[in-house]
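1. what's the 3D shape of this:
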Amino acid sequence: MTTKKNIYSLSEYSSQEPKVELDSRPLAYYDGGGGGSDVVARIVKLEADVEYIKRDISEIKTDIKDFKSSVNNEFKAVNQKLDNIPIALAQFETRLEKRFTNIIQWFIGTAIAIGGISFAVARFFTS
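-> This next block holds a predicted model:
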């Protein structure tokens, strides 16, 4: 008793790398005019191509996830630096106010000293 082979099952072909050389004729060349002897080879090639496409899409998804993670980390760093700007500005403002106060103190001290020296000189010459 011979077992009938299921000609519609491609499982025996899908585990193998296609070994069929397909020509470079356009798809319109295959007008369905007969035989169909190359259909199995074409389907096997399509299945192999789909596997490569699936692998490539998986790699692209991984790359996109890595890129997204990298961008998120960069934005976190930028946001942290931006959050520190008001603190840095407040510190700068405090230092500026201290320097301004020092300038005013020096100005007032210098004015008093010049006034005192002026009075002393004026007394010296008027006496």
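2. Relative to residue 95, how far out is residue 101?
-> Going from residue 101 to residue 95 by CB to CB, to the nearest Å gives 11 Å. Backbone N, C-alpha and C define where each C-beta goes, glycine included.
3. Residue 39 now?
-> Going from residue 39 to residue 95 by CB to CB gives 82 Å.
4. what's the answer for residue 87, then?
-> Distance from residue 87 to residue 95, counting by CB to CB: 13 Å.
5. Keeping just the C-alphas, turn stretch 38-46 into CSV.
-> Provided in CSV are the C-alpha atoms of stretch 38-46 (Å, rounded to 0.1, in the frame of the first residue of the first chain):
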residue,chain,number,x,y,z
ASP,A,38,7.3,26.4,-11.0
VAL,A,39,4.5,27.3,-8.6
VAL,A,40,5.9,25.3,-5.7
ALA,A,41,9.3,26.8,-6.2
ARG,A,42,7.9,30.3,-6.3
ILE,A,43,5.8,29.7,-3.2
VAL,A,44,8.9,28.3,-1.4
LYS,A,45,10.8,31.4,-2.4
LEU,A,46,8.0,33.7,-1.3
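6. I'm done for today, thanks for sticking with me.
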